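Q: below are the sequence and a predicted model; questions follow.
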Amino acid sequence: MQFSLETPQFEAYKALQPGMTVGIGWGRGGGKSQFIRLMWYLLVAQWDGHYRTGSPFPGVRIVLLMADLNAAKRVHASLFLSELANEWSMLRGKTDRTTWRTNFPGGSWIQWVSAAQALSIKGLRCDIICVDECDQIDTSVIDARCGPWLTEPHSLDIQLIAGTPEKGRYGLLYRTWARANGKLLDNDGHEFERHAFSHATSYEFPHFVSRKKLDKERKELTPQLFEREYLCNWDAAEGLVYPHFREDFHVRKPPPDIVWREHIVGVDWGFEDPAVINVYGLAGSGRDVTIHQLAEWYIVHKTDSQIAEISIQVDTLYPGARWYADPSRPQSIAAVKHEAGVRIVQADNSIEDGVATVADALLVRERDDGERWAQLYISPNCTNTIREFSEYRRKRDPKNRERVLDDIEDKNNHAMDATRYALFTHFGGPERRLVTGYGVG
């Protein structure tokens, strides 16, 4: 890889100092994964066989963290093994292709770890954690599980976090950028120290990405996908809250042979604004649970008693479902509970945490066999929910219309609120589901 003082790679390279958390959000083709491997080789070349002050052993200890080992192998394996055998053969690294640990003669090692493995690893200690395709990993894995890996006094304590903003403003990449740029504060109300972020579009890598190819992709891809993948834009598609919602992927009927573990219902109250009742079927359990929205009632100018009558119809179709309702109107909850006899409770109305839960459920993942899947799907007959996913946006700065604010617009959010109430109250946030394996039942 070539460096010059103008390149985003060199900007990130300079920032990788002991104690630093460095984020790299580069458009596709910018060489994020290649850059990560290059940092491995340079660190091993620098430290293998050498002791740092206070360290009882020589070398440098490196962890690659990705969503799963299949993803790590697909992205890195062939190039990593080739590079070790050729241009970096002088490092004399030996890789165990079962454990995917590479050992070097001077005490250094590189260990590949999946997010699932990270949940059970407690005693691991290292010098640098490299997170690739970071938005496929929940922030709780980094905070609760990986942070302690860097706690030894002699650790280099470096985190390199790379990817594209697959979760918009609810992923690890955006959080790293926000901390580095003073948009998020620490628990003492101060800006985060020792954070840096390198942001670049694919157009800023002329040696790696063809301008002709970029122009072709811009014309052929949806604007949302092009902005996210090639411009590394958190607010792809004009500030959508859920920029990674794809109608061609997330809108589908459930398989005809699916077995429902249970049903849940989300309710948003309204009169002039629509009241919404959304029904979800849950299949599977733990982190493999899938959530299919099966039906929606999108209604206006209905009293509590009339909504209770509709609720009886819903309960007849989906008996025994758990209902989670907007907590702002306890009298409406009481009326529906009394008149319809459903199991309805006040929902948790934590907006940011709830939106993060829905964002996580929409994330497209990949199974071991290569199948792409998400936890949340919407039935084609839920037209208002589908429409709101494509219209639910953040506010624009009135002084600069090109700037998108963190605040969410209070419109096109009735089905979105019902979705949030059901998923967040039933499952908890992404951290709870990931760490505990919480499922249904």
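A: Nice, thanks for sending it over. Residues are numbered from 1 along each chain as shown.

Q: so which bits of stretch 151-160 are buried?
A: Buried positions in stretch 151-160, judged by neighbour count with 16 or more other C-beta atoms under 10 Å: 152, 155-160. All C-beta spots, glycine's among them, are computed from the backbone N, C-alpha and C.

Q: again, but for stretch 287-301
A: Buried residues in stretch 287-301 (16+ other C-beta under 10 Å): 287, 289-298.

Q: and for stretch 266-275?
A: Judged by neighbour count (16+ other C-beta under 10 Å), stretch 266-275 contains these buried residues: 266-270, 274-275.

Q: now do the same end-to-end measure for that stretch.
A: The first residue of stretch 266-275 is 11 Å away from its last residue (C-alpha to C-alpha, to the nearest Å).

Q: tell me where the stretch 251-400 of the chain has strands.
A: Listed in chain order, the strands of the stretch 251-400 of the chain (DSSP state E, counting those that start in this stretch) span 262-268, 275-283, 290-299, 322-325, 343-346, 365-366, 372-373, 376-378, 394-397, 400-408.

Q: looking at the ones you listed, which has the lowest confidence?
A: The weakest mean pLDDT among those belongs to strand 400-408, with a mean of 71.

Q: so the helix or strand following that strand versus strand 275-283, what angle?
A: Counting by DSSP states H and E, the next helix or strand C-terminal to strand 400-408 is helix 414-427. If you take axes from the mean of the first three to the mean of the last three C-alpha atoms, to 10 degrees, helix 414-427 sits at 40 degrees to strand 275-283.

Q: tell me what helix 414-427 is packed against?
A: Where contact means 3 or more C-beta pairs under 8 Å, 6 or more residues apart in numbering; DSSP states H and E, helix 414-427 is packed against strand 262-268, strand 275-283, strand 290-299, strand 322-325, helix 351-362, helix 383-389.

Q: closest to P18 out of the ones you listed?
A: helix 351-362 (31.2 Å; C-beta to C-beta).

Q: mind checking how far A71 is from V141?
A: Counting by C-beta to C-beta, to the nearest Å, the gap from A71 to V141 is 14 Å.

Q: quick check: A178 is in a helix.
A: Yes - checked against DSSP: H, G, I helix; E, B strand; the rest coil, A178 lies within a helix.

Q: so how many other residues sit close to it?
A: 19 (other C-beta atoms under 10 Å).

Q: tell me who's in contact with it.
A: Counting by C-beta atoms under 8 Å, 6 or more residues apart in numbering, A178 touches L184.

Q: likewise for A85?
A: If a contact means C-beta under 8 Å, 6+ apart, then A85 has no contacts.

Q: show me what the strand or helix carrying R218 is in contact with.
A: R218 is part of helix 211-220 when elements are defined by DSSP H and E. Contacting residues not belonging to helix 211-220 are listed as 202-203, 226, 230 [C-beta under 8 Å, 6+ apart].

Q: got CSV for the helices and strands packed on helix 414-427, with distance to L81 too?
A: Shown next, in CSV, are the helices and strands packed on helix 414-427 (distance: least, C-beta to C-beta, whole Å):
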stretch, distance to L81
strand 262-268, 46
strand 275-283, 39
strand 290-299, 35
strand 322-325, 49
helix 351-362, 33
helix 383-389, 42
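
Q: ok, which of the ones you listed comes nearest A12?
A: Using C-beta to C-beta, these put helix 351-362 closest to A12, at 26.1 Å.

Q: to W47, which of the helices and strands packed on helix 414-427 lies closest?
A: helix 351-362 (36.5 Å).

Q: residues in contact with the strand or helix carrying M39?
A: Here M39 sits within helix 32-47, counting by DSSP H and E. Contacts made with helix 32-47 from outside it, assessed by C-beta under 8 Å, 6+ apart, are listed as 1, 9, 12-13, 16, 24, 26, 58-60, 62, 64, 75-76, 79-80, 83, 88, 91, 93, 104, 106, 108, 110, 127-128, 130, 132, 160, 162-163.

Q: mind checking which of these land in strands?
A: In this view, the contacts of helix 32-47 that belong to strands under DSSP state E are 24, 26, 62, 64, 110, 128, 130, 160, 162.

Q: redo those as CSV? Include pLDDT and distance to L119.
A: CSV is the format used below for the ones in strands among the contacts of helix 32-47 (pLDDT from 0 to 100; distance: C-beta to C-beta, whole Å):
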residue, pLDDT, distance to L119
I24, 96, 25
W26, 94, 28
I62, 98, 20
L64, 97, 16
I110, 98, 21
I128, 97, 20
C130, 97, 18
L160, 97, 21
A162, 96, 21
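
Q: neighbour-wise, give me the winner out of these.
A: Within these, most neighbours by other C-beta under 10 Å means I24, with 28 neighbours.

Q: wait, that residue sits on I161?
A: Yes - with contact defined as C-beta atoms under 8 Å, I24 reaches I161; the gap is 7.3 Å.

Q: where do the domain boundaries of the chain fall?
A: Listed domain ranges for the chain are 8-219, 248-436 (source: automatic domain parsing).

Q: quick one: end-to-end length of the longest one, please.
A: When you say that, I think you mean domain 8-219. For domain 8-219, the separation between the terminal residues is 26 Å (C-alpha to C-alpha).

Q: try stretch 193-207
A: For stretch 193-207, the end-to-end distance is 33 Å (C-alpha to C-alpha).

Q: next: stretch 212-226.
A: 14 Å.

Q: now stretch 384-404
A: End-to-end distance of stretch 384-404 (C-alpha to C-alpha): 24 Å.

Q: neighbours around Q46, how many?
A: The tally of other residues near Q46 (other C-beta under 10 Å) stands at 10.

Q: if you could redo that for R261, that was the one I meant.
A: R261, neighbours per other C-beta under 10 Å, totals 14.

Q: pretty sure it contacts D288?
A: No - R261 is beyond contact range of D288, at 11.5 Å (criterion: C-beta under 8 Å).
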